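Participant: quick check, what structure comes out for this input:
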Amino acid sequence: MLDFGYDISDYTNVDPLFGSLEDFDELVAGMKKRGELLVKGVSGFRMDATPNYIEDESLRDEPLVDPNTKAPKKFCDFQHIYTADLWESYEFIHELGEYIHSYSAGTEAYTDMKHTMDYYGSEEYPVMHFPFNFMFVGLDSFLNANSYNERILHWLKNMPKGATPNWVAENHDNLRIGSRLCEEYMDLVTITIMTLPGVACLYYGEEIGMTNSQVRIDQRKDPNNDGNTGATRDGERLPMQWDDTMNAGFTSRYKSWLPVHPNYWKINVEAQKVDKTSRYNLFKTLSQIRRRKAMKSGEFKSYIVSEWVYAFTRSLNNNEMYITVLNLGSEIELIDLHDVISDLPVNLEVVAASVNAGYINGDQIRSVPKFPKIFSMRPLSGIVLTTKVQKKSSNFGLQLVDPRTSSSSFEI
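Facilitator: Numbering: from 1, shown residues only. This is a model prediction of the structure:
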């Protein structure tokens, strides 16, 4: 385990640290019996570092980014024209298609947009189901509605025809959103990726709002630490926080592989199960909404409601519509959806809300623009609305002035 499993020396056996092949067979057999896995024992594949699968067969030295660099050692010192993004890498993955295309399969490729989209391939020459979209992983500053929209459309517009979009918010290589931006932003991104068209890729702990924690030098495991004193990825790799018992219920051992986040006593699955407005229950609600037909195959349109308010709709055959509304700014916003989305009914119903939204599922809001029938949204909050109203409610938001609005739309 010199490099967290990347240093594979035997592709046909299991490191004794993790058990044996017999243990794996027993695991697969048990999961099959419970109906938890497919025939081969796995549900999908993640292929890592795909741009570097194939290197130039002549093993030529790569040119320096800066010819004046003395004693170059770092990866970023070189132009990787002989070791990255070679077409043979795509051909290799295409050849694996016979074995993996019946399962979900994604690639992790940090490269430019053109080379990323090439991993989709085409109908005639499929390569992978989808390359991971790290648009939200790279989000490290607050965006207004227009910039937020542009990031989403940048992926959708560049996809090949018939391709499936996907959205990744966090992973094992980058700070969690609550640590990168702020804790309120976590819900905004979760609501976004769970209601956009395509595949939502969740990193463990996102569903309860886990954040990074400092890891002492003597506790660090990341082999890529900069001399054990610089940046480490261990902070986003801490144990899952299941409950408020020792080591957050992750292990019965005295010490876990990495230290548990000190906030585990309050941020954990069991605590959030009983809180109807928790991030855990928000995630469950969004998961249920994703099963509805409009979310699975409905049309997508996006709208710039105001400078800091962004919205998009999912609808199918003029039936039920879902409207995701996000206040990306730092102030209360007064929302008039009727001015940007046509043919809305008078009343809309809240079906999901961020923990700070001030709304609960079942609340109704009015979409018509006449005073006082507009609604308010707290800073950095998000809600999902439906046109299918189930019951009456007295909560119609703040009764204040009508904000200035503008809109844009994109359809897929």
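Participant: can you report how many residues neighbour Met321?
Facilitator: A count of nearby residues for Met321, using other CB atoms under 10 Å, gives 22. No exception for glycine: its C-beta is placed from N, CA and C like everyone else's.
Participant: repeat for Ser102
Facilitator: By the criterion of other CB under 10 Å, Ser102 has 11 neighbours.
Participant: one more: the one 10 residues further on?
Facilitator: The burial metric for Asp112, expressed as a neighbour count using other CB under 10 Å, is 10.
Participant: from Tyr90, how far out is it?
Facilitator: 14 Å (CB to CB, to the nearest Å).
Participant: likewise Leu334?
Facilitator: Applying CB to CB, one obtains 50 Å for the distance of Leu334 from Tyr90.
Participant: higher neighbour count, those two?
Facilitator: Neighbour comparison, Leu334 and Tyr90: the larger count goes to Tyr90, with 22 against 18 (by other CB under 10 Å).
Participant: tell me which residues touch that one, please.
Facilitator: Asp118, Tyr119, Gly121, Val127 (CB atoms under 8 Å, 6 or more residues apart in numbering).
Participant: run through the helices of the stretch 1-150 of the chain in chain order.
Facilitator: 21-33, 87-95, 97-100, 113-117, 145-158 (DSSP state H, counting those that start in this stretch).
Participant: how about those in TSV, adding distance to Asn13?
Facilitator: Putting the helices of the stretch 1-150 of the chain into TSV (distance: least, CB to CB, whole Å) gives the following:
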stretch	distance to Asn13
helix 21-33	7
helix 87-95	24
helix 97-100	20
helix 113-117	34
helix 145-158	39
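Participant: weakest of these in terms of mean pLDDT?
Facilitator: When mean pLDDT is averaged over each of these, helix 97-100 scores lowest at a mean of 77.
Participant: re the thing from before, which of the contacts of Tyr90 lies closest to Leu348?
Facilitator: The shortest approach to Leu348 among the contacts of Tyr90 belongs to Tyr119, at 38.6 Å (CB to CB).
Participant: for the closest residue to the closest one other than its chain neighbours, which residues make a bridge with it?
Facilitator: Nearest-residue entry for Tyr119: Pro131, 3.8 Å, with adjacent residues in sequence omitted and distances by CB to CB, 6 or more residues apart in numbering. Beta-bridge pairing for Pro131 (DSSP bridges): Thr107.
Participant: surely Pro131 touches Thr116?
Facilitator: Yes: in this structure Pro131 lies within contact range of Thr116 using CB atoms under 8 Å: 5.0 Å.
Participant: overlap in contacts of these two?
Facilitator: Common contact partners of Pro131 and Thr116 (CB under 8 Å, 6+ apart): Ala109.
Participant: and which of the contacts of Tyr90 is nearest Ser256?
Facilitator: Among those, and counting by CB to CB, the member closest to Ser256 is Tyr119, at 35.2 Å.
Participant: and the pLDDT at that closest one?
Facilitator: Predicted confidence (pLDDT) at Tyr119: the value is 94.
Participant: can you check Val346 too?
Facilitator: In the predicted model, Val346 carries a pLDDT score of 85.
Participant: same deal with Lys388?
Facilitator: Reported pLDDT at Lys388 in the predicted model: 89.
Participant: count the residues that sit near the nearest residue to it once chain neighbours are set aside.
Facilitator: Using CB to CB, 6+ apart and skipping the chain neighbours, the partner closest in space to Lys388 is Glu320 (4.6 Å). Other residues within reach of Glu320, judged by other CB under 10 Å, total 16.
Participant: pull up the gap between Glu320 and Met295, please.
Facilitator: When Glu320 is compared with Met295 (using CB to CB), they lie 10 Å apart.
Participant: likewise Glu55?
Facilitator: Plainly put, Glu55 is 42 Å away from Met295 if you go by CB to CB.
Participant: who has more neighbours out of the two?
Facilitator: Taking other CB under 10 Å, Glu55 and Met295 do not tie; Met295 has more neighbours (20 against 16).
Participant: ok, Glu236 touching Ile177?
Facilitator: No: in this structure Glu236 lies outside contact range of Ile177 using CB under 8 Å: 10.1 Å.
Participant: and the two? Which one has more around it.
Facilitator: Between Glu236 and Ile177, counted using other CB under 10 Å, Ile177 has the larger neighbour count: 28 against 22.
Participant: now do the contacts for that one.
Facilitator: Remark: with contacts taken as CB under 8 Å, 6+ apart, Ile177 is in contact with Phe136, Leu139, Ala169, Glu170, Tyr185, Met186, Val189, Glu206.
Participant: now do the strands in the stretch 101-250 of the chain.
Facilitator: Along the stretch 101-250 of the chain, counting by DSSP state E, counting those that start in this stretch, strands occupy 104-108, 130-131, 166-168, 199-201.
Participant: pLDDT weak spots in the stretch 201-350 of the chain?
Facilitator: Screening the stretch 201-350 of the chain residue by residue with the criterion pLDDT under 70, one finds the ranges 225-230.
Participant: helices of that one, start to end?
Facilitator: Defined through DSSP H, counting those that start in this stretch, the helices belonging to the stretch 201-350 of the chain, from first to last, are 269-273, 279-289, 293-297.
Participant: ok, Ile335 to Ile365 distance?
Facilitator: Separation of Ile335 from Ile365 (CB to CB) stands at 8 Å.
Participant: revised request: answer the last question for Ser354.
Facilitator: Taking CB to CB as the measure, Ser354 falls 15 Å from Ile365.
Participant: between the two, tell me which one has more neighbours.
Facilitator: The residue with more neighbours, out of Ser354 and Ile365 and counting by other CB under 10 Å, is Ser354; that gives 26 against 23.
Participant: so Phe45 touches Ile100, yeah?
Facilitator: Yes: Phe45 is in contact with Ile100 according to CB under 8 Å; the separation is 5.3 Å.
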